[in-house]
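Trainee: give me coordinates for this.
(chains A and B)
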Amino acid sequence: GAVVSQHPSWVICKSGTSVKIECRSLDFQATTMFWYRQFPKQSLMLMATSNEGSKATYEQGVEKDKFLINHASLTLSTLTVTSAHPEDSSFYICSAGTGGSYSNQPQHFGDGTRLSIL
Amino acid sequence: AQTVTQSQPEMSVQEAETVTLSCTYDTSESNYYLFWYKQPPSRQMILVIRQEAYKQQNATENRFSVNFQKAAKSFSLKISDSQLGDTAMYFCAFKASNTGKLIFGQGTTLQVKP
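Mentor: Next comes the predicted model:
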């Protein structure tokens, strides 16, 4: 149980295009999902907290207009990288927890999306 | 603000031996949770073990166990009988009980050698 599906797993696109990444909780409802960014051999950096039915909460230094987050249902959150540039190339991972964001249950992670901007 | 520190960027161990990965954290919270996640080359994040701060007993999951020292704010991971499949990057993570955010350490790359 507690499976999080992330799609696509790898995307290559030209500079200036927008890219949408989907994160789905397959067998549970997630009122809160999280989006992380990870550079090679580095740790996961939290970008934003995605709340179902309301605006996302962004971490300091993360551009809201660049990284659009939508959490329209209890099982789906999307991250759109708008007007992507080579510096946006990275590994993006989503996660969701069962039992709500304040429980002791661990977060379950998607398999990540490798984004390459040419 | 909470911080998590893993002071060992890289470690190696011979197959079947035991290795301990270090983690310290800083927080003023009294209720929180600690986790160890494993990230193999596939980059999938896999939960290894978790510990509730209010529990004095150290968590154990098969070959994995922790040494939780609350006063010292230390949370080390011991891997016994290391296997080649344990080769991965290991992240220590902290979550306060009043927030859903996970704060990760810098990670330790573990290589298990045959």
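Trainee: mind pulling up the pLDDT for residue A:73?
Mentor: Note on residue A:73: pLDDT of 88.
Trainee: what residues does chain A put near chain B?
Mentor: A:32, A:34, A:38, A:41-44, A:46, A:49, A:91, A:93, A:95, A:97, A:100-102, A:104, A:106-109, A:111-112 (Cβ under 8 Å from any Cβ of the partner chain). From N, CA and C alone the C-beta is placed, and that goes for glycine too.
Trainee: so which of these are in strands?
Mentor: Of these, the ones assigned to strands by DSSP state E are A:32, A:34, A:38, A:44, A:46, A:49, A:91, A:93, A:95, A:97, A:107-109.
Trainee: just list the residues touching residue 9, thanks.
Mentor: If you meant another chain, say so; for now it's chain A. A:111-114 (Cβ atoms under 8 Å, 6 or more residues apart in numbering or on different chains).
Trainee: hm, I was asking about chain B
Mentor: Contact analysis of residue B:9 by Cβ under 8 Å, 6+ apart lists B:106-109.
Trainee: these also near chain A: which ones?
Mentor: B:106-107, B:109.
Trainee: please list the members of these that lie in strands.
Mentor: Among those, the residues falling in strands (DSSP E) are residue B:109.
Trainee: thinking again about what came up before, filter the residues of chain A next to chain B down to the buried ones, PyMOL style.
Mentor: Remark: buried members of the residues of chain A next to chain B, expressed as a PyMOL selection using 16 or more other Cβ atoms under 10 Å in any protein chain shown:
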select buried, chain A and resi 32+34+38+43+44+46+49+91+93+95+97+101+104+106+107+108+109+111+112
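Trainee: check what pLDDT the residue nearest the centre of chain A gets.
Mentor: Residue closest to the mean C-alpha point of chain A, counted by Cα atoms, centre = their mean, is residue A:35 at 3.4 Å. At residue A:35, the pLDDT value in this model is 96.
Trainee: which non-adjacent residue is nearest it?
Mentor: Nearest residue to residue A:35 in three dimensions, chain neighbours excluded: residue A:47, at 4.6 Å (Cβ to Cβ, 6 or more residues apart in numbering or on different chains).
Trainee: spit out the contact partners of the one you found.
Mentor: Going by Cβ under 8 Å, 6+ apart, the list of residues near residue A:47 reads A:35-37, A:58-59, A:62, A:67, A:79.
Trainee: could I get these in a markdown table, plus columns for secondary structure and distance to residue B:14?
Mentor: Output for the contacts of residue A:47, formatted as a markdown table (DSSP: H, G, I helix; E, B strand; the rest coil; distance: Cβ to Cβ, whole Å):
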| residue | secondary structure | distance to residue B:14 |
| --- | --- | --- |
| A:35 | strand | 38 |
| A:36 | strand | 33 |
| A:37 | strand | 35 |
| A:58 | strand | 45 |
| A:59 | coil | 40 |
| A:62 | coil | 42 |
| A:67 | strand | 43 |
| A:79 | strand | 41 |
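Trainee: can I get the buried part of these as one ChimeraX selection?
Mentor: Typed into ChimeraX, the line below selects the buried ones among these, using 16+ other Cβ under 10 Å:
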select /A:35,36,37,58,62,67,79
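Trainee: so which of the contacts of residue A:47 comes closest to residue B:43?
Mentor: Nearest to residue B:43 among these, counting by Cβ to Cβ, is residue A:36 at 11.5 Å.
Trainee: alright, I will stop here.
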